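# only geometry, no sequence info:
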């Protein structure tokens, strides 16, 4: 009887501690909020939108032909960015995926609150990454009647 209790206690003690780990622990990636990487530029854009800093968010945008917007062009985007901000503001990021389109162009997909998907296209212009296009993928999905 004492032998069975000792074996049971030993089994519980071994299974309760992390001396033996089966499989590998998946490391989470940490991304910086800076325009040095495509994901960093997108996360910085999302942060600026969340804090309602529309002028700073507009500085991270560029045209699709690879030119940084002029000041009046950025100002003209404020209304659109305000509208877009109302859609994504204060939603938690639940997944980040990136896909390389070319060496200087990436597509970054953000999943927000597990049910909202936003697709960003980021391009490298003069050593910094800028968002050249963004699209609300959730609004593009139309259910069949």
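Received it, and whenever you're ready, just let me know what you need. Being a predicted model, the structure only gives us computed values, none of them experimental.

# Which helix or strand contains residue 123?
Residue 123 belongs to strand 116-125 when assigned by DSSP states H and E.

# how much distance is there from that strand to the middle of the chain?
Centroid displacement of strand 116-125 relative to its chain, using CA atoms, centre = their mean, to the nearest Å, is 9 Å.

# all helices in the protein, in order from the N-terminus.
2-16, 38-50, 54-58, 71-76, 78-88, 137-140 (DSSP state H).

# Among these, which comes closest to residue 97?
Smallest distance to residue 97 across those (CB to CB): 9.4 Å, for helix 38-50. Every C-beta, even on glycine, is put in place using the N, C-alpha and C of the backbone.

# how far away is residue 102 from residue 132?
Taking CB to CB, to the nearest Å as the measure, residue 102 falls 12 Å from residue 132.

# Any idea how many residues pack against residue 9?
Residue 9 has 10 neighbouring residues, counting by other CB atoms under 10 Å.

# no, scratch that, I was asking about residue 58
If you count neighbours by other CB under 10 Å, residue 58 ends up with 20.
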